[in-house]
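S.K.: I'd like to go over a predicted model; first the sequence, then the structure.
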Amino acid sequence: MLSSDAATPPEAVGLGPKELVDPYTYHDGFGNHLSSEALRGALPVGQNTPQVCPYGLYAEQLSGTAFTVGRSGNQRSWLYRIHPSVMHRPFEPYRPGSHGIVGTFDARTTETTPTQIRWLPFPINENEQTDFVDGMRTIGGAGDTALKSGLAVHIYTASKSMDKRAFCNSDGDLLIVPQQGRLDIATEFGQIMAAPNEIVVIQRGIRFCVSLPDGPSRGYILEVYDGHFELPDLGPIGANGLANPRDFQTPVARYENTGPEPASWSIVNKYQGDLFVAQQDHSPFDVVAWHGNYAPYKYNLANFSVINSVSFDHVDPSIFTVLTCKSAHPGTAVADFVIFPPRFEVQMNTFRPPYFHRNCMSEFMGLIRGEYEAKKGGFLPGGASLHSMMTPHGPDAKTVANATTRELLPGRVADGTQAFMFESMFQLRLTKWAVEHKQRDHDYYKAWLDIPITFNPDKSA
Ligand SMILES: O=C(O)Cc1cc(O)ccc1O
Ligand SMILES: [Fe+2]
């Protein structure tokens, strides 16, 4: 189905004041093969590359998987655009060495510690006007973009909109978690508005430009260097539940017909962990129509259908997996995006908070809003924690004292809360920026020092 053309005259669906279609119109569904036209008839009929495309557009394929990947996993889209993307000046280094982004996690670029780490909220520097690209900093990661193996965790803090420039990540897919301030994102596929408590996935190579309608903004980014995010299998849960496919939203085609205006736009390209910039004479958001299954999307975490124990015991947090990026090892993720949503808790005779834990996976956590069920203080919206592979962690002393003495009435887990976890099979290394950050909470270990010791050999229950 073509979605942006209904009852709309051809000249009225580009960007700008004449626009009749709501720019924030989406296709519903996950992983679908979609077709979208901002001008009726802009998609070639029955083929991808006619000698001349309708309206004199150029056809360009964007491949998200190797050509030869099996049909079930193959991802690509065809974009019909005013200018082929290749019409730009050469890429030059962009602020070499000082952009705060890392794409190779070795002893030269990063350091490591197994200790529990927590950061108080990352400040947004409102005086120094910084956009989404310049406000991105790598906290840590594993692997190497060049080998398409590993992942990175970044924080962005931004106080101004990107102006006539687009960002393009050649290194992997980005899962963006806005924590403060909406992101109004122009993409080659259309416009996405993402508010805190929504997430956006922008895959490798897709150009986008972030505006900040609410001013100072902050959020988290999970980047995976190989594969793509998919919905987790549901097994015995059945055909429905957790993140339901129809709640994912992909924008409809929308284009900007600019230029030629010399060097009016710059494309900032993250390639092998470094930033490069190229000038061009036109807007990169000139895609009039597209079709395919490789396209960005957003998802509102409030739509997550929560499954949990209604009898006893604390269930592993994998039941809260929104999206997973699978590795070659069945059941073991390069990265899972897991949330801890508001819900009822009803388990009887149960230590209800997250259990004490040592994990063969790495756990990076952030907080979008409210209070996390395992931490009574110190883990704050806009802050973060890292519990590395096999590093002990769990509820803090206050949470333990409460959990072991409270009456187990049916209750709600923190309405208004939204914590999340990036869980990875890889061991993360940390940037100097993150290790030495002034917001690092060096007293974090104290959260567990006062756990009441209740052992009594004479009392069995
Ligand atoms: O807070 C954490 O460490 C994350 C987490 C939550 C949970 O409910 C169970 C296990 C777990 O690691
Ligand atoms: Fe954990």
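M.R.: Looks like it came in fine. Ligands and ions are numbered 1, 2, ... in the order given.

S.K.: Going by C-alpha atoms from here, please, whenever you check contacts or count neighbours.
M.R.: Fine.

S.K.: What is the burial count for Gly331?
M.R.: 11 (other Cα atoms under 10 Å).

S.K.: before we move on, what about Ala401?
M.R.: Around Ala401 there are 15 other residues, counting by other Cα under 10 Å.

S.K.: With Asp106 instead?
M.R.: Neighbour count of Asp106, defined by other Cα under 10 Å: 16.

S.K.: Could you do Val177 as well?
M.R.: 26.

S.K.: Adjacent strands (with direction) for the helix or strand hosting it?
M.R.: According to DSSP states H and E, Val177 maps onto strand 173-180. Strand 173-180 has its sheet partners listed here by DSSP bridges as strand 198-202 (antiparallel), strand 217-224 (antiparallel).

S.K.: Now do the contacts for the closest residue to ligand 1 within the stretch 251-400 of the chain.
M.R.: Nearest residue of the stretch 251-400 of the chain to ligand 1: Pro354, at 3.9 Å (Cα to the nearest ligand atom). Contacts for Pro354 (Cα atoms under 8 Å, 6 or more residues apart in numbering) come out as His314, Glu373, Ala374, Gly394, Pro395.

S.K.: List, out of those residues, those positioned next to ligand 1.
M.R.: Gly394 (Cα under 6 Å from any ligand atom).

S.K.: angle of the helix or strand following the strand holding Val177 against strand 173-180?
M.R.: Using DSSP H and E, the next helix or strand after strand 173-180 towards the C-terminus is strand 183-187. Here strand 183-187 points in a direction 150 degrees away from that of strand 173-180 (axes from the mean of the first three to the mean of the last three Cα atoms, to 10 degrees).

S.K.: Pairing partners for strand 183-187, with directions?
M.R.: Going by DSSP bridges, the partners of strand 183-187 are strand 190-194 (antiparallel), strand 208-211 (antiparallel).

S.K.: Can you give the distance from that strand to the centre of its chain?
M.R.: 14 Å (Cα atoms, centre = their mean, to the nearest Å).

S.K.: Not counting it itself, show me its contacts.
M.R.: By Cα under 8 Å, 6+ apart, the surrounding residues in contact with strand 183-187 are 191-195, 206-213, 285.

S.K.: hmm, 7 Å instead?
M.R.: 191-195, 207-213, 285 (Cα atoms under 7 Å, 6 or more residues apart in numbering).

S.K.: can you check stretch 425-440 too?
M.R.: 105, 109-112, 118-122, 138-142, 332-335, 361-362, 388-389.

S.K.: right, is that stretch up against ligand 1?
M.R.: No. Stretch 425-440 stays clear of ligand 1 (Cα under 6 Å from any ligand atom), getting no nearer than 13.2 Å.

S.K.: quick one: average pLDDT of that stretch?
M.R.: Averaged across stretch 425-440, pLDDT comes to 98.

S.K.: residues of it that come out buried?
M.R.: Buried residues in stretch 425-440, counted by 16 or more other Cα atoms under 10 Å: Met425, Phe426, Gln427, Leu428, Arg429, Leu430, Thr431, Lys432, Ala434, Val435, Arg440.

S.K.: Mind checking which of the residues you listed land in strands?
M.R.: Arg429, Leu430 (DSSP state E).

S.K.: Specify which member of the buried residues of stretch 425-440 is nearest to ligand 1.
M.R.: Nearest to ligand 1, judged by Cα to the nearest ligand atom, of the buried residues of stretch 425-440 is Met425 at 13.2 Å.

S.K.: Quick check: the closest one vs Gly331, distance?
M.R.: For Met425, the distance to Gly331 equals 10 Å [Cα to Cα, to the nearest Å].

S.K.: Equivalent analysis for Lys432, please.
M.R.: According to Cα to Cα, Lys432 and Gly331 sit 32 Å apart.

S.K.: Format the contacts of Pro354 as JSON lines; extra columns: neighbour count, pLDDT and secondary structure.
M.R.: Shown next, in JSON lines, are the contacts of Pro354 (neighbours: other Cα atoms under 10 Å; pLDDT from 0 to 100; DSSP: H, G, I helix; E, B strand; the rest coil):
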{"residue": "His314", "neighbour count": "17", "pLDDT": "98", "secondary structure": "coil"}
{"residue": "Glu373", "neighbour count": "20", "pLDDT": "94", "secondary structure": "coil"}
{"residue": "Ala374", "neighbour count": "19", "pLDDT": "95", "secondary structure": "coil"}
{"residue": "Gly394", "neighbour count": "18", "pLDDT": "98", "secondary structure": "coil"}
{"residue": "Pro395", "neighbour count": "22", "pLDDT": "97", "secondary structure": "coil"}
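
S.K.: now, among the contacts of Pro354, which is nearest to Val413?
M.R.: Glu373 (7.0 Å; Cα to Cα).

S.K.: Is it correct that the closest one is in contact with Pro353?
M.R.: Yes. If you go by Cα atoms under 7 Å, Glu373 and Pro353 touch, sitting 6.4 Å apart.

S.K.: For the stretch 101-250 of the chain, which residues are neighbours of ligand 1?
M.R.: By Cα under 6 Å from any ligand atom, no part of the stretch 101-250 of the chain sits against ligand 1.

S.K.: Flag the shaky bits of the stretch 101-250 of the chain, pLDDT-wise.
M.R.: The stretch 101-250 of the chain contains no residues with pLDDT under 70.

S.K.: So which of the contacts of Pro354 is the closest to Val201?
M.R.: Closest approach to Val201 among those (Cα to Cα): Glu373, at 26.6 Å.

S.K.: quick revisit: for the residue of the stretch 251-400 of the chain closest to ligand 1, give me the pLDDT.
M.R.: Reported pLDDT for Pro354: 97.

S.K.: Equivalent analysis for Ala263, please.
M.R.: Taking Ala263 on its own, its pLDDT is 86.

S.K.: List the contacts of the longest helix anywhere in the chain.
M.R.: For the chain, the longest helix by residue count, based on DSSP state H, is helix 397-405. When contacts are defined by Cα under 7 Å, 6+ apart, helix 397-405 is touched by residues Phe351, Arg352, Pro353, Ala374, Lys375, Lys376, Ala447, Trp448, Asp450, Ile451, Pro452.

S.K.: again, but for stretch 204-217
M.R.: Residues contacting stretch 204-217 (Cα under 7 Å, 6+ apart): 124, 126, 132, 157-162, 165-173, 180-188.

S.K.: Distance from it to the middle of the chain?
M.R.: For stretch 204-217, the distance to the chain centre is 13 Å (Cα atoms, centre = their mean).

S.K.: Next, find the distance separating the residue nearest the centre of the chain from Asn169.
M.R.: Most central in the chain under Cα atoms, centre = their mean is Leu175, positioned 1.6 Å from the mean C-alpha point. Look at Leu175 and Asn169: by Cα to Cα, they are 12 Å apart.

S.K.: re the thing from before, export the strands paired with strand 183-187 to a markdown table and append columns for mean neighbour count.
M.R.: Shown next, in a markdown table, are the strands paired with strand 183-187 (neighbours: other Cα atoms under 10 Å):
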| stretch | mean neighbour count |
| --- | --- |
| strand 190-194 | 24 |
| strand 208-211 | 24 |
